[in-house]
Structure formats: structure tokens, C-alpha cells
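Novice: Pasted the sequence and its predicted model underneath.
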Amino acid sequence: MGSLHQIQSGRAVLAAEVIGAGDPVIFLHASICDRRMWRAQMNAVGATHQAIAYDRRGFGDSRAEAEDHSAVADLLSVMDGLTDGRPATLVACSQGGRIALDAALTHAARIRGLVLIAPTVPGAPAAVYPPAVQDQMAELTQAEASGDLDRVNAMKARLFLDGPLQPEGRVAGEARQLFLQMHDTALRSAPAGTSVDAIHTYARLGEIAVPTRVIWGDFDFPHIQERSLRVSTLIRQGEGRAVAGGAHLPSLDQPDAVSRLLRDVI
């Protein structure tokens with residue numbers, strides 16, 4: 001474990017962890033996890049850089065009163081508090097990828113590069129599910145509507161950790177337990193308020209001018225794999241890499257492969 005910090009942003013106190021020193025690399029977690037999804041990568045990157053991971057509002061150890069807020073502004077508060085004004089490389093997964101892309105569009109001078117894992121991109125084509133996946137998504141919707149949080153947690157592990165077309169329980173042991181803990185905390189957190197970030201990101205990907213590596217697991221949802229590849233071609237300095245045997249959270253199920261892909265570009 002590195003040093004722990006509390007960053008004030010609006011009426012939120014964001015929990016952050018720092019390992020190492022050097023050029024800053026900031027990790028932004030998926031909305032089904034918290035900063036602990038990056039444990040292996042933080043240790044790998046912290047050997048040569050200042051590795052920073054933080055919990056967003058409603059996740060992990062962060063605490064926030066409900067208010068209108070900007071996830072990009074929260075990221076900038078973390079940078080202001082921990083990077084001494086130096087531009088950072090952002091490593092981001094899923095919804096964290098949306099924040100990283102929006103930061104690169106609105107605060108380009110503060111971003112050195114991007115590593116995006118299965119990024120969410122507002123304005124991208126809508127998801128199209130194969131029949132087998134559609135059935136699972138319908139079951140998830142029913143569990144959410146009934147308020148069965150334990151069932152929702154188990155189904156999210158099936159879909160996003162194992163992969164929607166892979167056997168349930170493919171990922172076991174510590175990685176699965178960690179996912180279930182992280183997502184359970186998020187499911188039971190009080191609402192953090194309304195996001196004011198509203199950028200039409202997909203239509204503006206060509207404006208991003210920093211080196212960008214886009215990564216996806218070949219066990220992820222088919223439409224997410226397709227979207228990730230497309231994002232890598234729309235960003236001017238973009239490139240794409242698939243992680244064999246990884247689903248939506250390859251930092252958990254293929255940690256060594258993801259760490260290697262990070263070290264290549266930071």
C-alpha cells in the first residue's frame with residue numbers, strides 16, 4: 001500500500017492512494033469497481049512513476065453529499081492536490097474512460113496520454129446484444145427492478161468479470177471476491193447527485209491529440225470490443241490492443257498482460 005490522501009472537491013472527500021514518484025499516472029476505475037481494481041497495475045507503474053488511484057463519488061472510501069457535480073472537475077481536484085501541476089497520463093476503464101476522454105477534450109494541456117480499457121463513450125452507437133446476452137440483460141433488469149442487490153452483484157460478476165459468453169465462475173478466487181466487495185459497496189452507497197458533464201464525446205474523438213492506447217478483452221461484450229476498436233481508429237494518435245482471455249475488467253482477470261501494455265506506453 002502507498003500513501004493515502006483525502007482530496008476535497010465540492011462537498012465530496014475523495015480517497016486517493018499514491019505509490020512511487022516521477023511523472024504522474026492517474027487510474028480511473030470502472031463504475032462497478034473502485035480504486036482497488038488497479039492494485040497490480042499501481043504496483044507495476046509505481047516502480048518508475050507516480051501512480052495515483054482514487055475512488056470517485058459513491059465508491060470505495062470516498063464520501064460525498066449529494067450535489068450537482070462534474071467527474072472531470074473531481075479529477076482535476078485530484079491532480080491539483082497530488083501532481084504539483086504536472087500533466088498526467090490517464091489510465092481508465094469503462095465509465096472511467098468517459099471521464100478521461102472528456103478531460104482530454106476540455107483540459108488538453110493537462111493530459112500527456114491516455115490508456116483506455118473498454119471505454120464508455122457518450123454518443124457511440126447503441127449496444128446490440130446477441131440473443132444469449134439479451135436474455136441475461138433482461139434478467140439483470142428484473143433483479144435491479146426488484147431491489148435484489150445480491151442478485152445484481154452476482155449477475156454483474158457473471159457479465160463483466162467472467163464475460164457474457166463465458167462460463168459463470170470463469171474468474172474465481174481473490175479477483176472474484178474483490179469484485180463482489182467493490183461492487184457491493186457501490187450498490188449500497190447513497191446517491192452522489194447529478195453529473196453536469198454533458199460532452200458529445202464520440203463526435204469529437206478526432207480532436208484528441210495525445211497518444212492513446214485503447215485496450216479491450218476478447219471475452220468482453222461484442223459491441224464493446226467493436227466500439228473500442230473504432231475509438232482507436234478515430235483518435236489521431238490512437239492504437240488498439242486486444243487482451244486474450246480478458247473480459248470487461250482485464251486488470252483483474254489478466255493483470256500481468258495489462259501491466260505490460262501500460263509499461264509499453266507510459
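Specialist: Cool, the structure landed.
Novice: What segments of the stretch 101-250 of the chain are helices?
Specialist: 131-146, 149-156, 173-187, 222-234, 250-253 (DSSP state H, counting those that start in this stretch).
Novice: And the strands in the stretch 1-150 of the chain, which stretches?
Specialist: 3-9, 12-19, 24-28, 50-54, 63-64, 88-93, 111-117 (DSSP state E, counting those that start in this stretch).
Novice: Strand partners (parallel or antiparallel) of the second one?
Specialist: Sheet pairing for strand 12-19, assigned by DSSP bridges, gives strand 3-9 (antiparallel), strand 50-54 (antiparallel), strand 63-64 (antiparallel).
Novice: Looking at the ones you listed, which is nearest to Val171?
Specialist: Nearest of these to Val171, taken as Cβ to Cβ: strand 50-54 at 20.7 Å. No exception for glycine: its C-beta is placed from N, CA and C like everyone else's.
Novice: how far does stretch 163-183 sit from the chain's center?
Specialist: Centroid separation for stretch 163-183 versus its chain: 16 Å, with Cα atoms, centre = their mean, to the nearest Å.
Novice: avg pLDDT for it?
Specialist: Averaged over stretch 163-183, pLDDT sits at 99.
Novice: same deal with stretch 244-252?
Specialist: 99.
Novice: For that stretch, list every residue counted as buried.
Specialist: Gly246, Ala247, His248, Leu249, Pro250, Ser251, Leu252 (16 or more other Cβ atoms under 10 Å).
Novice: Identify the residues contacting the fifth one.
Specialist: In this case it means Pro250. Neighbouring residues of Pro250 by Cβ atoms under 8 Å, 6 or more residues apart in numbering: Ile117, Ile215, Gly217, Val243, Ala257, Val258.
Novice: Could you rerun that using 10 Å?
Specialist: 93, 117-118, 215-220, 242-244, 257-258, 261 (Cβ atoms under 10 Å, 6 or more residues apart in numbering).
Novice: Could you report the distance from it to Pro167?
Specialist: 17 Å (Cβ to Cβ, to the nearest Å).
Novice: Next: the first one.
Specialist: For Gly246, the distance to Pro167 equals 15 Å [Cβ to Cβ].
Novice: quick one on the thing from earlier: give me the PyMOL select line for the contacts of Pro250, limited to the buried ones.
Specialist: To isolate the buried ones among the contacts of Pro250 in PyMOL, judged by 16+ other Cβ under 10 Å, type:
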select buried, resi 93+117+118+215+216+217+219+220+243+257+258+261
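Novice: Farthest-apart pair in the contacts of Pro250, please.
Specialist: Cys93 and Ala244 (17.5 Å).
Novice: Could you count how many residues lie near the nearest residue to Arg188 once chain neighbours are set aside?
Specialist: Nearest non-adjacent residue to Arg188, counting by Cβ to Cβ, 6 or more residues apart in numbering: Leu149, 6.7 Å away. Leu149 has 14 neighbours, counted by other Cβ atoms under 10 Å.
Novice: Could you break this structure into its assigned domains?
Specialist: According to the TED database, the chain comprises the domains 3-126+191-264, 131-188.
Novice: Of those, flag the one that's most buried.
Specialist: Among the domains of the chain, ranked by average contacts under mean count of other Cβ atoms under 10 Å, first place goes to domain 3-126+191-264 (a mean of 20).
Novice: quick one: that one to chain centroid distance?
Specialist: On Cα atoms, centre = their mean, the centre of domain 3-126+191-264 falls 5 Å from that of its chain.
Novice: go on, stretch 258-266?
Specialist: So, by Cα atoms, centre = their mean, the centroid of stretch 258-266 is 16 Å from its chain's centroid.
Novice: Residues in contact with it: which ones?
Specialist: 22-23, 25, 27, 38, 40-45, 47-49, 51, 89, 91, 93, 112-115, 117, 211-213, 215, 217, 239, 241, 243, 246, 249-252, 254.
Novice: ok so, going back, please identify which of the strands of the stretch 1-150 of the chain is closest to Ala138.
Specialist: strand 88-93 (25.2 Å).
Novice: Indicate each strand paired with the closest one and its parallel or antiparallel sense.
Specialist: By DSSP bridges, strand 88-93 pairs with strand 24-28 (parallel), strand 111-117 (parallel).
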